[in-house]
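[1] Sequence first, then the predicted structure:
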Amino acid sequence: ARSGPSIEKSSGPKLTGSEKQRDTRMNNILAAKAVSEVVRTSLGPRGMDKMIQDSNKKVLITNDGATILKQMEVIHPTARMLVEISKAQDIEAGDGTTSVVVIAGSLLKACQTLLEKGIHASAISSGLQVALDKALEIIDDMSVPVELDDRESLIQNAITSLASKVVSQNADILAPLAVDCVMKIIDKEHDTNADLRDVFVGKVLGGTVDDTEMVDGCVLVDKKASMSAGGPTMMKNAKIGLIQFQLSAPKTDMESSVVVHEYTAMDRILKEEKKYIVKMIKTIVKSGCNVLLIQKSIMRDAVNDLALHFLAKKNIMVVKDIERETVDFISRTTGCIPIASIEQFTEEKLGKAELVVDDKSCRVIRITGCPTPKEGRRTVSVLVRGSSQLILDEAERSLHDALCVVRSLVKKRALVPGGAAVEMEIAQKLNVVSREIFGTDSYCVKAFAHALEIIPYTLSENAGLDPVKFVTELRNAHTKGKKNAGINVKKNKISDMLELNVVQPALVSISALSLATECVRMILKIDDIV
């Protein structure tokens, strides 16, 4: 008997090992390049903004690279690595979050060309490291040392960081404010870092960004002094108690109901309740407390009307519903210790302030004139104002970037020129180096140099200039030894960036190059996704 024709299942062409590796690499590079293309248009002072709508239909307008990528739902694992380096740059330097992704995308494009030439991925990876080490030396050579007492230089750095933001026209207010905040919370002599958790940023809708102000002390946003029983709304020489228990009649932990059959029993219950509350209020009065902050309670009312009535009689100012997140900041600022039960309410646990006032014009409570802590860190608050929620959020993000830039200068006290001067100088010097070394490293260093030209190219492209003409002019200027030459997008020409005061912290450039190279080397090493 004849057997039927054998049918082979074909599932497309089979890939051999090296083809599969090449395929995986190309897919990874394409995915990562796609992410970098998305944020490329928002680079620089003339960069475009992105409008992002999340699943809850909430709209966000920003051109901060880290924020854009955080909101994007990136599925591809390699593309997600670019989101991670942008996040890392945000934590390390605070600025340059767009640049780091654009540089990484451009380096990947250069690697793609090298791979097509037949150079092995490991060789490219080590070549990129050689180029990075040389690039970091070049940044060190061209950086200008800066002293933290030089307030003007610090402000110029913050202004450069704000130049590309939606609120750039308010930079002359936000930049000095960011510098003053950071200078207030650090010790200029010894500190090599600043903890931005010591700067509390409160957002209040209404007014314009110009009304943003620094408050030496603490602000409680959207809070008001309890007026229901006629209590005070202002207190001088305040002694502040922060309580985490309820000022109301006790209740059992389990759900229970009390059935009352006669009026006398009802009276007795109310009398006991009153007695219990009066006893609590007496303890509070005895400690000398005259401002009472009550933490928000989920279980039940943190304070009842009877307690408010007695507190108002004793002229004690009450602020209810203090958020749990702000408790730590209030404690550090005023020196008070959160009190968990009435038995522990003693004078030692109270904080001090010269003035606590209910500012009705912007719905905040201001606590000012707090004592300087003997040990530990000083704190400061900023009240950001804005005419709409979108502008308010963007102003807060921009202020955070400006604070981070000043913090970068505390970490590494050196400046470099902006306007793509650093990238062009590195590109020009690496080109020279690539001719002096041999082997595959020479190709890689040259490719690294060429990849960095994406920054001046993108800056001029986003400003509506002719990118080829400007990048060529800029390259010529650097070849002639003008190492501070950069693209002046306001005047549409090549200018000396230090003369124009367009400067940024050296740490921003160092961190961006290191993170981008690290990420690209990691992507190159991946030869299969399992």
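    All right, it came through fine.
[2] Whichever strand or helix holds V471: how far from the chain's middle?
    For V471, the host element (DSSP states H and E) is helix 467-479. Offset of helix 467-479 from its chain centre (CA atoms, centre = their mean, to the nearest Å): 34 Å.
[3] just the helices in the stretch 201-350 of the chain please.
    Under the criterion DSSP state H, counting those that start in this stretch, the stretch 201-350 of the chain carries helices at the ranges 263-286, 305-313, 324-334.
[4] Those: which one's closest to Q112?
    Proximity to Q112 (CB to CB) singles out helix 324-334 among the helices of the stretch 201-350 of the chain, at 45.8 Å. All C-beta atoms are positioned from the backbone trio N, CA, C, and that covers glycine.
[5] Given the following helix or strand past that closest one, what are its sheet partners and their directions?
    Toward the C-terminus, helix 324-334 is succeeded by strand 351-359 as the next helix or strand (DSSP H and E). Strand pairing for strand 351-359, using DSSP bridges, gives strand 234-243 (antiparallel), strand 364-368 (antiparallel).
[6] Take those and lay them out in JSON lines including mean pLDDT.
    Formatted as JSON lines, these follow (pLDDT from 0 to 100):
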{"stretch": "strand 234-243", "mean pLDDT": "89"}
{"stretch": "strand 364-368", "mean pLDDT": "89"}
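[7] okay, the ones you listed, which one's buried deepest?
    strand 364-368 (a mean of 22; mean count of other CB atoms under 10 Å).
[8] what's in contact with that strand?
    202, 204, 215-225, 238, 240, 319, 330, 333-334, 353-359, 383 (CB atoms under 8 Å, 6 or more residues apart in numbering).
[9] mind running it again at 6 Å?
    217-221, 223, 319, 353, 355-359 (CB atoms under 6 Å, 6 or more residues apart in numbering).
[10] Ok, stretch 142-158 next?
    By CB under 6 Å, 6+ apart, stretch 142-158 touches 175-176, 178-179, 188, 402, 405-406, 413-416, 425, 483, 501, 503, 506.
[11] Report the buried members of these.
    175-176, 178-179, 402, 405-406, 413-416, 425, 483, 503, 506 (16 or more other CB atoms under 10 Å).
[12] Take the residues you listed and keep only those in helices.
    Among the buried ones among the contacts of stretch 142-158, the members falling in helices (DSSP state H) are 175-176, 178-179, 402, 405-406, 425, 506.
[13] could the residues you listed be laid out in a markdown table, adding pLDDT and distance to K117?
    As requested, these are arranged in a markdown table below (pLDDT from 0 to 100; distance: CB to CB, whole Å):
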| residue | pLDDT | distance to K117 |
| --- | --- | --- |
| A175 | 91 | 47 |
| P176 | 91 | 52 |
| A178 | 91 | 47 |
| V179 | 91 | 49 |
| A402 | 89 | 44 |
| V405 | 88 | 40 |
| V406 | 89 | 44 |
| E425 | 92 | 27 |
| A506 | 90 | 34 |
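[14] Redo the helices of the stretch 201-350 of the chain as TSV? Include distance to S42 and mean neighbour count.
    As requested, the helices of the stretch 201-350 of the chain are exported to TSV (distance: least, CB to CB, whole Å; neighbours: other CB atoms under 10 Å):
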stretch	distance to S42	mean neighbour count
helix 263-286	54	13
helix 305-313	51	19
helix 324-334	30	18
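[15] With respect to A449, which of the ones you listed lies nearest?
    helix 324-334 (47.0 Å).
[16] Centre of the chain to that closest one, how far?
    With CA atoms, centre = their mean as the basis, the mean position of helix 324-334 lies at 20 Å from the chain mean.
[17] orientation of it relative to strand 234-243 in degrees?
    Counting by axes from the mean of the first three to the mean of the last three CA atoms, to 10 degrees, helix 324-334 lies at 120 degrees to strand 234-243.
[18] Pick out the most distant pair among the ones in helices among the buried ones among the contacts of stretch 142-158.
    P176 and E425 (29.6 Å).
[19] Okay, now the unreliable bits of the stretch 401-530 of the chain?
    Low-confidence segments of the stretch 401-530 of the chain (pLDDT under 70): none present.
[20] Walking through it, point out its strands one by one.
    Using DSSP state E, counting those that start in this stretch, the strands assigned to the stretch 401-530 of the chain run over residues 414-417, 485-488, 493-496, 503-505.
[21] And for the stretch 101-250 of the chain?
    So, for the stretch 101-250 of the chain - with DSSP E, counting those that start in this stretch - the strands run 144-145, 199-205, 213-215, 217-221, 234-243.
[22] for the fourth one, packing partners?
    Read that as strand 217-221. With contacts taken as 3 or more CB pairs under 6 Å, 6 or more residues apart in numbering; DSSP states H and E, strand 217-221 sits against strand 364-368, strand 380-386.
[23] Format the ones you listed as TSV; extra columns: distance to T283.
    Formatted as TSV, the helices and strands packed on strand 217-221 follow (distance: least, CB to CB, whole Å):
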stretch	distance to T283
strand 364-368	23
strand 380-386	30
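[24] Any idea which of these gets closest to K70?
    strand 380-386 (20.0 Å).
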